[in-house]
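Asker: sequence and predicted structure are below.
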Amino acid sequence: MKKLLAVLLSLAMLLSFAACGGNGGGETTVAETTVSEVKTPENPTIRMSTTTSVNDSGLLPYLLPVFEKATGYKVEVQPAGTGAAIQKAVDGNADLILVHSKASEETFVQDGYGVERIPFMYNYFVVVGSAEDPAGIKDSANAAEAFAKIEKAEAKFVSRGDESGTHKAELKIWGENVPDAETASWYISAGQGMGACLTMASEQGAYCLTDKATFLSNKDSLDLEILLSEGEDMKNTYSVIECNSEKLSGINTEGAKALIQWLTGDEASALIAEYGKEQYGQALFYLIEE
Amino acid sequence: MEKINEAFELLLKTDRELFQIIFVTLRMSFFSTLISCLLGMPLGILLAGWKFKGKRMLKKIIHTLMGLPPVVAGLIVYMLFTKYGVFGSLNLLFTVEIMIIAQVILITPIVAGQTLSVSSVGAKNLLETAKGMRLSNFKIAKLFIIQNKASLFSVVLTAFGRSIAEVGAVSLVGGNIQWKTRVMTTAIMLETNKGNFSFALALGIILLLISLVVNIIASAIIKQEEEE
């Protein structure tokens, strides 16, 4: 019995270590704010509907405590795929959104649900795959060329298939040549989040298009390498949008405005630019210069 | 109402894929139920009627495992069958077969526990009578099944319901791959993640209808047998 317990305990510890590996290394570098007394705002809860990548990469858990400490607001983050993230806001269940799918964002604003689309940071999608690189995409000029090689070699490729921002970016790169998942067995449409898709690609030795931040923060548990990065068709822009209180009821406009102002301000910019340097030796997100 | 109409129109449009998903769902649920019942029912009957060493401990283990979270069952199976896992060389990850394995781990304790609880009282009486008549163990088990047909049948339906409604384990080990391992529950999860809430709800209604049809057919078969 004791032996069994010991085995179980060490297994649990091992698992929790693995889980810790997925953290973007944020917690150690949270800046100390020296505000002695912060007045709690009248409506202190801000509901933020966002894409999984900014949360799972550890960026929001790294940024938001600083904002909360300085202002007294409490930010409730609801991470989901971009589609669901926007739908939740349309249904009136969020005060602001932080997503990365330009076309959907523009529709959101045009339909009157959002006040204004504010692009504030970007990074690059990367194509990852096994080190063997069976389709030989390593020297491709851009993602479109790499995808064409993958299709020609019929090498396994894991697609998000969930209409998320990353999936939409992938479809844009395929253009008119989107493989049909029914007939092309090498094209695996997983319909899951980024982390699950990367795990699947790793298991199957498949290629995958991913945002760099999520990949780097999961890298240790994956049998994958970055094979192609920074092609001109691989830019990934994140925007914040305040939900429109004229169209939706119960919106914490003040809170949303405060958070957007802070995210696009100097303090957050400095933090974002530093994020990831300590752990990965490179920044994961870049600021959009005005 | 308009949204629901829209959702059903969409359903009809994607009918070929939908039928494929329903087919995978039924295949998975059928085998999960079958195997769990073949393993769990004898175990439950054994626990109800026979005395043996370690019986109390075994009962406790089964009752604990009845509360096993599906995700945990999925995780265990995943770690066994991952590329570098113990059974990694079998290449079963992200197939319907492995979804069935995960569900069997999840449902067998439930079948055993329920079989035990629906049959504890009857089993004791039966065992006493049977001992008096000096029947063989095999004959006792057979008598027992005949006597408890109705309640054992409800255990089968519980197992089926558990299997068809389960999402945590099957999405993890099956991977929700389109045209391959996508089932109704993971399709609902996907549509929810896409933000197509009304379409997801429509899929949920279809899932319930499938369950209803299976229940009706199964009850009809049992009723007919009883009349014969």
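Answerer: Structure received.
Asker: name the residues of stretch B:215-228 that are buried.
Answerer: Buried residues in stretch B:215-228, defined by neighbour count with 16 or more other CB atoms under 10 Å in any protein chain shown: residue B:222. In short, each C-beta sits where N, CA and C put it, glycine included.
Asker: other residues contacting that stretch?
Answerer: For stretch B:215-228, contacts defined as CB atoms under 8 Å, 6 or more residues apart in numbering or on different chains pick out B:149, B:150, B:153, B:156, B:157.
Asker: please apply the same query to stretch A:128-148.
Answerer: Contacts of stretch A:128-148 (CB under 8 Å, 6+ apart): A:125, A:127, A:149-150, A:152-153, A:155, A:157, A:173-175, A:177, A:198, A:201, A:205-210, A:215, A:222-228, A:231-234.
Asker: intersect the residues you listed with the contacts of chain B.
Answerer: The subset of these within reach of chain B, by CB under 8 Å from any CB of the partner chain, is residue A:223.
Asker: just the buried ones from the contacts of stretch A:128-148, in PyMOL syntax?
Answerer: Paste this into PyMOL to select the buried members of those, with burial taken from 16+ other CB under 10 Å:
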select buried, chain A and resi 125+127+149+150+155+157+173+174+198+201+205+206+207+208+209+210+215+222+224+226+227+228+231+233+234
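Asker: around chain B, which positions in chain A sit nearby?
Answerer: Residues of chain A that fall close to chain B, judged by CB under 8 Å from any CB: A:80-81, A:83-88, A:90-91, A:161-164, A:181-182, A:188-193, A:196, A:200, A:202-204, A:223.
Asker: how far does the longest helix along chain B sit from its chain's centre?
Answerer: For chain B, the longest helix by residue count, based on DSSP state H, is helix B:96-133. Mean C-alpha position of helix B:96-133 versus that of the full chain (CA atoms, centre = their mean, to the nearest Å) differs by 14 Å.
Asker: is chain A contacted by it?
Answerer: No: Helix B:96-133 does not reach chain A (CB under 8 Å from any CB); its nearest approach is 11.6 Å.
Asker: what's that helix packed up against?
Answerer: For helix B:96-133, the elements it packs on are helix B:15-49, helix B:55-65, helix B:70-81, helix B:137-147, helix B:149-165, helix B:168-174, judged by 3 or more CB pairs under 8 Å, 6 or more residues apart in numbering or on different chains; DSSP states H and E.
Asker: let me see the residues that make contact with the following helix or strand past the last one.
Answerer: In this case it means helix B:168-174. Later in the chain than helix B:168-174, the nearest helix or strand by DSSP states H and E is helix B:184-194. Applying CB under 8 Å, 6+ apart, the set of residues contacting helix B:184-194 from outside is A:80-81, A:83-84, A:161-164, A:191-193, B:21-22, B:25, B:164-167, B:170-171, B:174, B:176, B:182, B:197, B:199-200, B:203-204, B:206-207, B:210.
Asker: need the buried ones from these selected in ChimeraX.
Answerer: Typed into ChimeraX, the line below selects the buried ones among those, using 16+ other CB under 10 Å:
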select /A:80,81,83,84,161,162,163,164,191,192,193 /B:21,22,25,164,166,167,170,171,174,176,182,197,199,200,203,204,206,207,210
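Asker: let's see if you can find the most crowded of the contacts of stretch B:215-228.
Answerer: residue B:156 (19 neighbours; other CB atoms under 10 Å in any protein chain shown).
Asker: number of nearby residues for the closest residue to it other than its chain neighbours?
Answerer: Nearest residue to residue B:156, sequence neighbours excluded (CB to CB, 6 or more residues apart in numbering or on different chains): residue B:37, at 5.7 Å. For residue B:37, the neighbour count with other CB under 10 Å is 22.
Asker: repeat that for the one 5 residues further on.
Answerer: The burial count assigned to residue B:42 is 15, neighbours taken as other CB under 10 Å.
Asker: again, but for the one 5 residues further on
Answerer: Per other CB under 10 Å, the neighbour tally for residue B:47 reads 23.
Asker: which one of the helices and strands packed on helix B:96-133 has the most crowded surroundings?
Answerer: Ranked by mean neighbour count under mean count of other CB atoms under 10 Å in any protein chain shown, these are led by helix B:168-174, which reaches a mean of 26.
Asker: which ones are touching whatever residue of chain A ends up closest to chain B?
Answerer: Proximity of chain A to chain B (CB to the nearest CB) peaks at residue A:87, 3.0 Å away. Counting by CB under 8 Å, 6+ apart, residue A:87 makes contact with B:195, B:196, B:197.
Asker: please identify the buried residues of the helix or strand hosting residue A:120?
Answerer: Residue A:120 is part of strand A:114-129, with elements assigned from DSSP H and E. By 16+ other CB under 10 Å, the buried positions in strand A:114-129 come out as A:114-115, A:117-118, A:120-121, A:123-129.
Asker: quick one on the thing from earlier: which of the helices and strands packed on helix B:96-133 comes out lowest on mean pLDDT?
Answerer: Among the helices and strands packed on helix B:96-133, helix B:137-147 has the lowest mean pLDDT, at a mean of 81.
Asker: and the angle from that one to helix B:149-165?
Answerer: Interaxial angle, helix B:137-147 versus helix B:149-165 (axes from the mean of the first three to the mean of the last three CA atoms, to 10 degrees): 80 degrees.
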